[in-house]
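Trainee: Fold the following for me, if possible:
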Amino acid sequence: MIVRERPGPLRLLLAWKGSVVPHILPHILLTGMFAAAVTWVSRHHYLDGMVDYTLLPFTIMGIALSIFLSVRNTATYDRWWEARKHWGHMVYEFRSLARTGTIYLSPERRRELLTRCLAHAHLLRGQLRGEDVRSDLPGS
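Mentor: Here you go, the predicted model:
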């Protein structure tokens, strides 16, 4: 299990690694500039009598966005839970292999088998995180 130190609220708010903020920041800035331009034009009475805004389109968009986000959140949690189950099953199988190896293998062969199992888990973790962890293995 990965145990990390708990970041404070400000550090969590400003975290960029693993966040979607760098991907959506240009869109947010463009939308904000567009909203500022529309507000400026409206405040200077250039649109008087031409456009009458209601809150209905914003309400409908907000409802659609909330449904979309809840579906995405559920799908993301399901993927995370599925990965957790697979990782737990792999650990279970490694433990079972270690118990069986105690019965059928010599201590040297059992140690080699378990070292390879640990190396497999370590390399898989690195691959899933997108890191090169081969240099951490003994004999590399």
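Trainee: Report the distance from the lowest-mean-pLDDT helix or strand in the chain to the chain centre.
Mentor: Least confident helix or strand of the chain, by mean pLDDT, DSSP states H and E, is helix 9-13 with a mean of 79. Averaging C-alpha positions (C-alpha atoms, centre = their mean, to the nearest Å) puts helix 9-13 16 Å from its chain's average.
Trainee: And it, what does it pack against?
Mentor: For helix 9-13, not one helix or strand is in contact under the criterion 3 or more C-beta pairs under 8 Å, 6 or more residues apart in numbering; DSSP states H and E. (C-beta placed from N, C-alpha, C; glycine too.)
Trainee: quick one: buried residues of that helix?
Mentor: Residues of helix 9-13 include none that count as buried (16 or more other C-beta atoms under 10 Å).
Trainee: Give me the most central residue, the chain.
Mentor: Note on the chain: the residue nearest the mean C-alpha position is residue 18, at 6.0 Å, using C-alpha atoms, centre = their mean.
Trainee: where along the protein do the strands fall?
Mentor: Ranges of strands in the chain, per DSSP state E: none exist.
Trainee: What ranges in the protein fall below the confidence cut-off?
Mentor: For the chain, residues meeting the criterion pLDDT under 70 lie at 1, 46-52, 140.
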